[in-house]
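Novice: sequence plus predicted model, see below.
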Amino acid sequence: MNTANKPSVLLIYTGGTIGMIRNTETGALESFTFDHLSQHIPELRQLQCNIASVQFDPPIDSSNMEPALWVELAHIVCDNYDRYDGFVVLHGSDTMAYTASAMSFALENLSKPVIFTGSQLPIGILRTDGKENLITAIEIASAKRPDGSPMVPEVCILFQDRLLRGCRTTKANAEHFNAFRSHNYPSLADVGVHINYYTRRIRRPDPDKPLKPHFLYDTNVIVLTLFPGIQERIVSQVLRMEGLKAVVMKTFGTGNAPQKEWFSRAIHEATERGVVIMNVTQCPSGSVEMERYETGRQLLEAGVTSGYDCTVEATVTKLMFLLGHGYTPDEVRRLMNTSIAGEITLESDRPLQYDSLSF
C-alpha cells in the first residue's frame, strides 16, 4: 500500500463549514479548496499516516446534499477501497446525520472506517473546532487493533469528544461544538487524553464477505409530524400524494396518535394502497411501543410499522435505500424491522457497556 508501512487515509472533502473562509468585503462564508484547508492545519504532516485527498467540485453546502451526491460519495469510497486503510469525510454538519446514515446502508459489509467530521466554526477562525475534529478523525480512521484489523470498521460521526455510529446520530445543537447526539446507542469511543474505544459496541464485518456497495435510492418518501389540532384535509392530502411510497410519521411518546375515526381510516387506506408508514417517536430518546397504549395499538391495527428507536435520519434514508432496490411494501416493512447496519435496537443488539481499549 505504501513503502513506509504507515496506514493510509483518504480525505474526502464534500464541503461545509470546516472548509469555508469569511469574505472580507461581504462578511459571508464562502467555500475554498482543500489545499487551503491543509495550509491551516500544518499538524497534518505530523500524523503517523499517509494522507491523500479528493474533493467535490464545486464543494457542496450540506443543505444541498441529496441522494445523487450520496451515490457519488459511495463511488469514491468503493473506487478507492483497496488503496486506503480508512476514509475521513469532511461534510457540513446540518445534514451530516442523513449522509452518514445513507452510507451506513450503502456500504454493506464495510470492513474499514468511514469517519464523518466537520466543524461549527470555519477552519480559518482562531477558535475553530475543525482542527481538532479533523486530526482526531484521521487518527481514528487509521487506528488498528492489536491483530492489525481496523479498530472501527463502521460509518461513524466524530465531533468534539465522541465517536458515534453514523446511523444513530442526530444534530442536536446549532451553537455548541458538541453538536451531535446518539440518544439510543452509546458512543463507540470517547476522546480525551486518550481515545477510549468501547470494542464490544463496535460492529464487526463478516470476514468471509467482501464490501458490497449500493447506489440506488428512491426519494418518494415524506416526513409527517403529528401535533394537537392537525387537520384531516392535510393528513389526507399528504397520504394521497401522487407517487408516495413511504411516510415517516413522527408520533407522540411511545408511538401514539390521535384516536379519531378519520385519522385511523386515512392511515388504513394508505397502507392498503401499499404505502409504508413508519412510526417514530418525536422524543429525542426512547423507543416506539405501539402495544403499550390504545392510541398506539390503533396504528398497529391500521398497518403502521414500528420504527423502534431509529432516528428520523436513519428511517428516511433506509426507506429510500430499500425502495430504491425494488423491494415490495411487505418486504420493506420486514426489513425496516431488521437491523441491517445497527440502526435499531433489538433485544439481541443491546450493547454491552464495558470492555474497552485506549490509545
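Specialist: Cool, the structure landed.
Novice: and stretch 244-258, how far from the chain's centre?
Specialist: Taking Cα atoms, centre = their mean, to the nearest Å, one finds the center of stretch 244-258 at 20 Å from the center of the full chain.
Novice: rounded mean pLDDT for that stretch, please.
Specialist: Averaged across stretch 244-258, pLDDT comes to 95.
Novice: and this structure, what are its domains?
Specialist: What automatic domain parsing lists as the domains of the chain is 8-213, 221-336.
Novice: and Gly342, which of the ones you listed is closest to it?
Specialist: domain 8-213 (5.2 Å; Cβ to Cβ). Bear in mind the C-beta positions are built from the backbone N, C-alpha and C, glycine included.
Novice: for the nearest residue to Gly274 once chain neighbours are set aside, give me its contacts.
Specialist: The shortest distance from Gly274 to any non-neighbouring residue, by Cβ to Cβ, 6 or more residues apart in numbering, is to Pro329 (4.4 Å). Listed by Cβ atoms under 8 Å, 6 or more residues apart in numbering, the contact set of Pro329 reads 245, 274-276.
Novice: thinking again about what came up before, CSV for the domains of the chain, including distance to Gly342?
Specialist: Output for the domains of the chain, formatted as CSV (distance: least, Cβ to Cβ, whole Å):
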stretch, distance to Gly342
domain 8-213, 5
domain 221-336, 10
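Novice: lowest-confidence stretch among those domains?
Specialist: Among those, domain 8-213 scores lowest, with a mean of 89.
Novice: what is the end-to-end distance of stretch 207-227?
Specialist: For stretch 207-227, the separation between the terminal residues is 47 Å (Cα to Cα, to the nearest Å).
Novice: how about that stretch: buried residues?
Specialist: Across stretch 207-227, burial judged by 16 or more other Cβ atoms under 10 Å covers 213-214, 217-219, 221-222.
Novice: inside strands: which ones of those residues?
Specialist: Mapping those onto strands (DSSP state E) picks out 213, 221-222.
Novice: not including adjacent chain positions, what is the nearest residue to Leu216?
Specialist: That would be Gly324: by Cβ to Cβ, 6+ apart, it lies 3.6 Å from Leu216.
Novice: that should have said Met65, apologies.
Specialist: That would be Thr95: by Cβ to Cβ, 6+ apart, it lies 4.8 Å from Met65.
Novice: is it true that the one you found touches Glu66?
Specialist: No: judged on Cβ atoms under 8 Å, Thr95 makes no contact with Glu66 at a distance of 9.0 Å.
Novice: neighbour-wise, which of these two wins?
Specialist: Set Thr95 next to Glu66 and count neighbours by other Cβ atoms under 10 Å: Thr95 wins out with 21 against 14.
Novice: roughly how far apart are that one and Thr317?
Specialist: Distance, Thr95 to Thr317, by Cβ to Cβ, to the nearest Å: 10 Å.
Novice: for Ile234, what are phi and psi?
Specialist: Ile234 adopts backbone torsions of phi -70, psi -50, taken as degrees, to the nearest 10.
Novice: repeat that for Phe252.
Specialist: phi -90, psi 140.
Novice: next one: Leu224
Specialist: phi -120, psi 110.
Novice: partners of the residue nearest to it when sequence neighbours are not counted in the sheet?
Specialist: Leaving out its chain neighbours, the residue that sits closest to Leu224 by Cβ to Cβ, 6+ apart is Met249, at 5.0 Å. Bridge pairing for Met249 (DSSP bridges) gives the partners Leu224, Asn279.
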